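Enquirer: below is the structure, and that's it, no one-letter string:
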Ligand code: TMP
Ligand code: ASP
């Protein structure tokens, strides 16, 4: 397969055309941003680790019956995905209170929410991804109620699969963000699943193993991404 012209460059990835019309070539970057790009930095090897970690989760989900856009790795930093028509809604699934939810509702970080809480955000950098609800999604015609029902069911299934998988690796899945798109009328999971888009805590120590280490200047950022990769695969990148 051939990598053709760059279509788009986002905060964490570059997207290229390929010689196959329904496939894209994704290159993961080491650039890191937080708080809608107010904070900018670079995490050594993040692109490689997130590419490999995302591929690992997408393969796990595919064998568990969750359709997703991942096709194959090209190299350590790049992967081929199906070209989706992205639905501009970010789906956040939370098991424990943390981050923006803990702040907004005055909750202690780590509070068990009993059963998962699903939040939706309107995917708009200009508006800083505001929180929205089902009625907003319908009114703005971002997705149909039927599509949102499917998306919610898949997101909760992803939560079950990943929570059970990660607990075996001594990781608590605190919360995560998913994006979906349409591929020939079918709703498919897209984007990435990585320490950039999830909160991972060590089961015993509750140490953070994710992008909160960058957001909050906690240090050992690269080491934490490496640690997640090591726990998932038993391997280390050079
Ligand atoms: P939040 O608590 O800041 O709303 O984040 C919830 C989850 O979503 C957390 O696992 C990090 C992830 N996330 C993203 O993937 N992209 C984003 O832009 C934000 C704000 C959060
Ligand atoms: N990636 C988002 C940004 O730059 C936010 C985040 O992950 O905290 O702004």
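Expert: Structure's in. What do you need? Values in this document were obtained by computation on a predicted structure and should not be read as measured data. Ligands and ions are numbered 1, 2, ... in the order given.
Enquirer: residue contacts, residue 14?
Expert: Taking CB atoms under 8 Å, 6 or more residues apart in numbering, we find residue 14 in contact with 6, 8, 26, 27, 29. Placement of C-beta: from N, CA and C, glycine included.
Enquirer: narrow those residues to those that are buried.
Expert: 26, 27, 29 (16 or more other CB atoms under 10 Å).
Enquirer: got the contact list for the second one?
Expert: Okay, so that is residue 27. 13, 14, 16, 47, 77, 78.
Enquirer: would you reformat the residues you listed as CSV and include distance to residue 91, secondary structure and pLDDT?
Expert: Below are the contacts of residue 27 laid out as CSV (distance: CB to CB, whole Å; DSSP: H, G, I helix; E, B strand; the rest coil; pLDDT from 0 to 100):
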residue, distance to residue 91, secondary structure, pLDDT
13, 18, strand, 98
14, 24, strand, 98
16, 26, strand, 98
47, 24, helix, 98
77, 26, coil, 98
78, 25, strand, 98
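Enquirer: quick check, nearest of those to residue 132?
Expert: Residue 132 lies nearest to residue 13 out of the contacts of residue 27, by CB to CB, at 23.8 Å.
Enquirer: related to what we said a few turns ago, which one of the contacts of residue 27 is nearest ligand 2?
Expert: residue 13 (11.2 Å; CB to the nearest ligand atom).
Enquirer: was I right about that closest one contacting residue 192?
Expert: Yes: counting by CB atoms under 8 Å, residue 13 does reach residue 192; the two are 7.4 Å apart.
Enquirer: quickly list what's touching both of these two.
Expert: Going by CB under 8 Å, 6+ apart, residues that sit against residue 13 and also against residue 192 are residue 28.
Enquirer: the more surrounded of these two?
Expert: Remark: of residue 13 and residue 192, residue 192 carries more neighbours, 25 against 21, as counted by other CB atoms under 10 Å.
Enquirer: my read: the more buried one touches residue 55, true?
Expert: No: judged on CB under 8 Å, residue 192 makes no contact with residue 55 at a distance of 9.4 Å.
Enquirer: so what sits against both of these two?
Expert: Common neighbours of residue 192 and residue 55 (CB under 8 Å, 6+ apart) do not exist.
Enquirer: any residue of stretch 177-184 touching ligand 2?
Expert: No: shown here: stretch 177-184 not in contact with ligand 2 (CB under 6 Å from any ligand atom), separated by at least 8.3 Å.
Enquirer: so where do the strands sit in this protein?
Expert: For the chain, the strands defined by DSSP state E occupy 3-9, 13-18, 23-28, 31-34, 39-42, 70-73, 78-82, 85-96, 112-122, 131-132, 171-183, 186-189, 198-202.
Enquirer: and those strands as TSV, adding distance to residue 165?
Expert: Formatted as TSV, these follow (distance: least, CB to CB, whole Å):
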stretch	distance to residue 165
strand 3-9	31
strand 13-18	24
strand 23-28	22
strand 31-34	25
strand 39-42	29
strand 70-73	16
strand 78-82	20
strand 85-96	14
strand 112-122	16
strand 131-132	28
strand 171-183	9
strand 186-189	15
strand 198-202	12
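Enquirer: thanks again, I'm all set now.
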